[in-house]
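Engineer: fold the following for me, if possible:
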Amino acid sequence: MNLSQRLTNIRKTAAMRWVWMLGCILLSLPVMAVKPNRPPVSEGLWCDLYFPQAAVADVNTIYIPFTLAGQLIMVQARVDTVEGYFMLDTGSEKLVLNQEYFDADESARRVASVGNTGMVSDVVEKRVDSLHISQLVLHDLYAHLVNLHHIELKKNIVLIGILGQEVYQDFEVFIDFQNRVIVLSRVDRKGIRLDTVSRWEAPYDSMDFELKRHLIIVETRINEVKVRMILDSGAELNLIDRGVNRKVLDRFTIIKRVNLLGVGKNEVEVLAGVMNEVYCGNQYSEKMNTLLTSLDEINQSFGTSVQGVLGYEFFKKRRVLINYERRKLYFFSPVRS
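Structural biologist: The predicted structure follows:
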């Protein structure tokens with residue numbers, strides 16, 4: 001297979017999340033885990049998470065509670081007969097399934113994929129009859145099977161799969177960290193909600209974004225320098241490209257060197273530190289945990305020119321709504337207790 005064909009395969013299958021997110025070795029916080037249908041390798045690793053049932057306000061709007069495993073958003077879902085906890089990841093394109101809990105189809109097609117630490121060669125495509133997330137049911141999907149077990153061990157979690165943008169591309173996605181809830185509201189081709197029943201509060205701020213395939217790209221400012229960044233709910237820490245303008249790095253305080261773990265079981269050494277200033281539209285953030293690394297593979301694979309990633313560190317203090325059709329982000333005020 002020549003280089004052109006390999007790149008084409010990569011772009012077709014963004015399966016994976018470079019789970020740069022899962023690489024966040026920086027924070028060794030204790031993480032709770034949940035049991036899938038199959039027994040785990042070591043019973044000593046697991047404990048239970050509790051989720052109340054998701055609520056439905058209208059046939060077109062679903063409220064789904066979430067919990068955090070580390071800094072990863074975990075929701076309850078079922079793929080065919082396997083039920084458990086999945087990560088909601090706006091930085092992933094496809095439904096990704098952990099091959100620890102699923103068998104490949106007899107005629108499974110192998111595809112190429114790319115991760116933040118290198119090529120992920122062992123990716124198999126699998127047909128899924130149904131995906132259930134509360135009352136939301138999707139049929140006839142194609143998922144990518146990837147071995148995520150090494151990440152489970154590293155993070156001490158059970159990860160059944162990853163819910164990428166293809167799963168909720170027909171919905172507005174409201175990520176409310178204050179109330180630990182995801183709200184999916186179906187929209188038409190103009191981005192207008194089909195739900196005529198639910199009452200929504202008014203956002204206090206909004207900004208445009210660029211959608212490159214499944215990637216949400218926003219323009220930020222760091223030390224008066226424009227920096228294009230991916231907005232990614234699956235990134236535990238922010239990322240900044242080591243080739244960024246030197247003025248940007250003046251706002252970056254290095255703390256230590258760490259190893260970043262990716263989906264391909266590869267590790268690379270990166271610099272961990274704190275980004276002291278980021279303006280995203282009118283949204284100002286400071287002192288965000290950030291990794292300094294190379295984003296060359298991401299840019300080459302998806303034809304992008306980004307210099308960073310905004311993840312959990314950006315989301316954790318905000319209530320953010322993503323409208324993919326309108327290419328708009330909306331920000332909502334904190335709820336007063």
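Engineer: pLDDT weak spots in this protein?
Structural biologist: For the chain, the stretches flagged by pLDDT under 70 are 1-56, 106-122, 260-266, 337.
Engineer: domain parsing of it, as residue ranges.
Structural biologist: Following automatic domain parsing, one finds the domains of the chain at 3-186, 207-331.
Engineer: nearest to V197, out of the ones you listed?
Structural biologist: Smallest distance to V197 across the domains of the chain (C-beta to C-beta): 4.2 Å, for domain 3-186. Quick note: C-beta positions are derived from backbone N, CA and C, even for glycine.
Engineer: relative to D195, which of the domains of the chain is closest?
Structural biologist: That would be domain 3-186 among the domains of the chain, by C-beta to C-beta, at 4.2 Å.
Engineer: residues contacting T61?
Structural biologist: Contacts for T61 (C-beta atoms under 8 Å, 6 or more residues apart in numbering) come out as V183, L184, S185, R186, R193, D195, V197, S198.
Engineer: how does it look with 7 Å?
Structural biologist: T61 makes contact with V183, S185, D195, S198, according to C-beta atoms under 7 Å, 6 or more residues apart in numbering.
Engineer: from I216, how far off is the last one?
Structural biologist: For S198, the distance to I216 (C-beta to C-beta, to the nearest Å) stands at 24 Å.
Engineer: likewise for the second one?
Structural biologist: As for S185, its distance to I216 is 17 Å (criterion: C-beta to C-beta).
Engineer: related to what we said a few turns ago, may I ask which two of the contacts of T61 are separated the most?
Structural biologist: Greatest spacing in the contacts of T61, by C-beta to C-beta: V183 and D195 (10.0 Å).
Engineer: what's V227 sitting at in phi/psi?
Structural biologist: Main-chain torsions, V227, degrees, to the nearest 10: phi -130, psi 120.
Engineer: count of neighbours near it?
Structural biologist: 22 (other C-beta atoms under 10 Å).
Engineer: thought it was touching V306?
Structural biologist: No. Using C-beta atoms under 7 Å, V227 is not in contact with V306, being 8.4 Å away.
Engineer: of S198 and I216, which one has the most company?
Structural biologist: I216 (21 against 14).
Engineer: okay, and the beta partners of the residue nearest to the more buried one when sequence neighbours are not counted?
Structural biologist: In this structure, I216 finds its nearest non-sequential neighbour in L231, 4.2 Å apart by C-beta to C-beta, 6 or more residues apart in numbering. For L231, the beta-bridge partners are I216, L310 (DSSP bridges).
Engineer: check contacts around L231.
Structural biologist: Taking C-beta under 7 Å, 6+ apart, one finds T90, F209, I216, V218, L310 in contact with L231.
Engineer: and those residues, which two are the farthest apart?
Structural biologist: T90 and V218 (11.8 Å).
Engineer: which one's more surrounded, the two?
Structural biologist: Between T90 and V218, counting by other C-beta under 10 Å, T90 is the more crowded of the two (27 against 21).
Engineer: in the stretch 151-300 of the chain, which spans are helices?
Structural biologist: Using DSSP state H, counting those that start in this stretch, the helices of the stretch 151-300 of the chain run over 246-249, 296-302.
Engineer: between those, which gets nearest to A57?
Structural biologist: Nearest of those to A57, taken as C-beta to C-beta: helix 296-302 at 35.3 Å.
Engineer: then that closest one to PDB, C-alphas only?
Structural biologist: Extracted in PDB, the C-alpha atoms of helix 296-302 (Å, rounded to 0.1, in the frame of the first residue of the first chain):
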ATOM      1  CA  ASP A 296       2.000  16.900  13.500                       C
ATOM      2  CA  GLU A 297       0.300  13.600  12.900                       C
ATOM      3  CA  ILE A 298      -3.200  15.000  13.700                       C
ATOM      4  CA  ASN A 299      -2.700  17.800  11.300                       C
ATOM      5  CA  GLN A 300      -1.300  15.600   8.500                       C
ATOM      6  CA  SER A 301      -4.000  13.000   8.900                       C
ATOM      7  CA  PHE A 302      -7.000  15.400   8.900                       C
END
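Engineer: elements contacting that helix?
Structural biologist: Helices and strands touching helix 296-302, by 3 or more C-beta pairs under 7 Å, 6 or more residues apart in numbering; DSSP states H and E, are helix 3-12.
Engineer: run the last query once more with 10 Å
Structural biologist: helix 3-12, strand 110-115, strand 118-133, strand 215-222, strand 225-231, strand 238-241 (3 or more C-beta pairs under 10 Å, 6 or more residues apart in numbering; DSSP states H and E).
Engineer: one step back: spit out the residues that contact T90 and V218 alike.
Structural biologist: Common contacts of T90 and V218 (C-beta atoms under 10 Å, 6 or more residues apart in numbering): I230, L231.
Engineer: returning to what we had before: shared neighbours of V183 and D195, anything?
Structural biologist: A57, T61, I62, E172.
Engineer: among those residues, which one lies nearest to G161?
Structural biologist: Nearest to G161, judged by C-beta to C-beta, of those is I62 at 18.5 Å.
Engineer: the closest one bridge partners, please.
Structural biologist: V56, L184.
Engineer: again with H144
Structural biologist: Note on H144: beta-bridge partners by DSSP bridges are V96, E125.
Engineer: so how far is G164 from it?
Structural biologist: On the measure of C-beta to C-beta, H144 and G164 end up 9 Å apart.
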